[in-house]
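Novice: here are the coordinates; sequence isn't available:
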Ligand code: TXA
Ligand code: MG
């Protein structure tokens, strides 16, 4: 074992929240250490957001570029005002509608938040997660927890504690195991520092839900990807995140066409000696004859698909799969978020059939 390795404590909070272990976790944060914890979206890698040294440790543990800012997690509405220059009316309305929940707001920061937490920006990302373990940790850890997703930079975000251990064991102090997450894709990010509120990252809280509360809301034109004239505003969205080791291609089009195309492509690649993985749904997983077929969930309940997507990418990595074909998921509620992550994981390789 290397000398700079530390012992990572894995604390089981699946059945009940153990107050002694939670207190220990809170103390670790207060002393500048790192604790990974469950949220309703993905697991986060937490450190004290007001401690510049703790933020630096987060970047080091993940291998994350230091210009990519962190989200500050809070547990109570009273915690918001001290870290921002002003709580706008729109922020109050969104908090009322969606917090605690899978929504992150970008606001102008106050001097309390160190530049190392915000990647040097004068804005700060804030979220109140909807998970009892997360909320308890934030309260015991001083009220402000900076937390990116708890994966090694470039790997899919963790949706269960074992994913965190696979990536960060020996690099962080503690992992709180809260079982599998519910949503499986990261929070929606909405920027309130623009004249018209702008979605920087799609998530469970979709455009229509935001418009009901705020009126006009637009998508970041940089999100759609291939046009070099537009860069995504959230620094993290420019990286090829969530990348599996295999070469991933999304197949999009009419249902019958998609199944036929994936069958043909996978047969060809298997015969050529490739190890092929297919991301399918309960409705059609049994249709495929070649490759390792994994169903993300059912098209009649989209959250089953978002909840399993990242763990399937990790399983294919572990199996040494070299080629992956995925059906497209154009579902009404979570479709934007799921396709945004899949398209990035695929490095924009999409076949239309
Ligand atoms: O669901 C989530 O949001 C999870 C859980 C743990 O809460 N966290 C998460 O954090 O996904 P992370 O670090 O993996 O993604 C944060 C994203 C990055 O794309 C980053 O560039 C963007 O938020 N971001 C953070 N602060 C920002 C700011 N001030 N302005 C623009 N984008 C910001
Ligand atoms: Mg992340």
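Specialist: Ah, there it is. All figures in this text were calculated on a predicted structure; none of them were measured in a lab. Ligands and ions are numbered 1, 2, ... in the order given.

Novice: residue 119 sits in which helix or strand?
Specialist: Counting by DSSP states H and E, no helix or strand carries residue 119.

Novice: which elements pack onto the helix or strand bottoming out on mean pLDDT in the chain?
Specialist: Lowest on mean pLDDT, DSSP states H and E among the helices and strands of the chain sits helix 335-345, with a mean of 92. Helix 335-345 is packed against strand 247-252, helix 302-319, with contacts defined by 3 or more C-beta pairs under 8 Å, 6 or more residues apart in numbering; DSSP states H and E. The C-beta positions use only the backbone N, C-alpha and C, and glycine is treated the same way.

Novice: go through these and name the closest to residue 43.
Specialist: Closest approach to residue 43 among the helices and strands packed on helix 335-345 (C-beta to C-beta): helix 302-319, 10.2 Å.

Novice: and the helices and strands packed on helix 335-345: which comes nearest ligand 1?
Specialist: helix 302-319 (11.5 Å; C-beta to the nearest ligand atom).

Novice: how far off centre is that closest one?
Specialist: A distance of 13 Å separates the centroid of the chain from that of helix 302-319, by C-alpha atoms, centre = their mean, to the nearest Å.

Novice: continuing past it, what's the next helix or strand?
Specialist: strand 323-327.

Novice: other residues contacting that following strand?
Specialist: Applying C-beta atoms under 8 Å, 6 or more residues apart in numbering, the contact partners of strand 323-327 are 244, 246-251, 258-259, 262, 265-266, 269, 274-281, 284, 291, 313, 316, 342, 346.

Novice: go with 7 Å
Specialist: The contact list for strand 323-327 (C-beta atoms under 7 Å, 6 or more residues apart in numbering) reads 244, 246-251, 258, 262, 265-266, 269, 274, 276-281, 316, 342.

Novice: do the same with stretch 112-125
Specialist: With C-beta under 7 Å, 6+ apart as the criterion, stretch 112-125 contacts 49-50, 52, 55-56, 66-72, 82-84, 104, 106-109, 146, 189, 193, 235.

Novice: need the buried ones from those selected in ChimeraX.
Specialist: The buried subset of these, as determined by 16 or more other C-beta atoms under 10 Å, is captured in ChimeraX by this line:
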select :49,50,55,56,68,69,70,71,72,83,84,104,106,107,109,146,189,193
